[in-house]
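Asks: below are the sequence and a predicted model; questions follow.
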Amino acid sequence: MKKIKSKYEIFREKVKIILYGTDTFFGKMFDLVLLGLILLSVILIMMETVQGINQKYHTQLIICEWIITVFFTIEYVLRIISIQKPIRYIFSFYGIIDLMAVLPMYLSIFFPGASVLSIIRALRFFRLFKILHIPQISHQSIQLREAIEASKEKILVFIYFVLISTIIIGSIMYLVEGKDSGFTSIPMSIYWTIVTLTTVGYGDISPQTPLGQFIAAFVMILGYGIIAVPTGIVTAEFAKSSLKNSVVSSKKTCKNCKAQVHFDHAQYCFECGTKLPNN
């Protein structure tokens, strides 16, 4: 005997089709409206920081931001209740961004000014890749993520080396230059080392002695190498990932979101996390 679906189950299925069905008419329309509201929200937040506009239209800006926040909140709740495993969405990349997009406005009730943090909603534009559903973009994003994950230990070791180097160089500059040249303390000297090493060069502190200038020149040259190393590490891992995953299968199609491009060894959909068919 066929089980009769309840009104709530029917409602969940319809909501799921609209929110996650990028191939359906209503799904595409919802995604376009969502992108439009994200763009409008980011513009409103920026306008709120412009003194002249904020003084004249402060109330209207706040009302519009709250309307958009309520819409995003309803959307977030519906995304949770419309899928079988809400935890997977809540702790996913998009789930965390969606939550962070609504929290600042509610925090502004207790902490005035926190609403400016709503600018983080700009991260929701990453959904554009999902909406466009271009296989090459999805494939490249996965490779980039794998490259970053594979190189994170090397980068952490490199950052550790850089931090130790800045402490040593900063201490040396404090001894060489002293307070008369603006190197009033070791922390201030470390600040100068970081600014010089990253080739920013604010110019608020500069060495005056020949030895200090020689060390500064060495730090500047060293800075170019430091900038290049992390890039080289990630690039090497990205090349390895590209070689490893050069063969992509289009035979596996997700029954949930209809994504059609997956790696041969993939067991779960890279879009929604649904288990993929074996063949």
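Replies: Great, that's in hand. Numbers count the residues shown, from 1 in each chain.
Asks: from F238, how far off is L175?
Replies: 42 Å (CB to CB, to the nearest Å). Where C-beta positions appear, they are placed from N, C-alpha and C, glycine not excepted.
Asks: more neighbours, those two?
Replies: For L175 versus F238, neighbours defined as other CB atoms under 10 Å are more numerous around F238 (18 against 12).
Asks: now the closest residue to that one other than its chain neighbours: how far from Y174?
Replies: Once flanking residues are discounted, F238 sits nearest to A147: 3.8 Å by CB to CB, 6 or more residues apart in numbering. In this structure, A147 and Y174 are separated by 39 Å, where distance is defined by CB to CB.
Asks: what's the host helix or strand of I62 packed up against?
Replies: With elements delineated by DSSP states H and E, I62 resides in helix 51-81, which encompasses its position. When contacts are defined as 3 or more CB pairs under 8 Å, 6 or more residues apart in numbering; DSSP states H and E, helix 51-81 sits against helix 7-20, helix 25-48, helix 86-90, helix 93-107.
Asks: could you check how far that helix is from the centre of its chain?
Replies: Taking the mean C-alpha point of helix 51-81 and that of its whole chain, the gap between them comes to 22 Å (CA atoms, centre = their mean, to the nearest Å).
Asks: what mean pLDDT does that helix have?
Replies: Helix 51-81 shows a mean pLDDT of 92.
Asks: and the angle for it with helix 7-20?
Replies: With axes from the mean of the first three to the mean of the last three CA atoms, to 10 degrees defining the directions, helix 51-81 sits at 130 degrees from helix 7-20.
Asks: for helix 51-81, buried residues please.
Replies: Residues of helix 51-81 classed as buried under the neighbour-count rule (16 or more other CB atoms under 10 Å) are 57, 61-62, 64-65, 68-69, 72-73, 75-76, 78-79.
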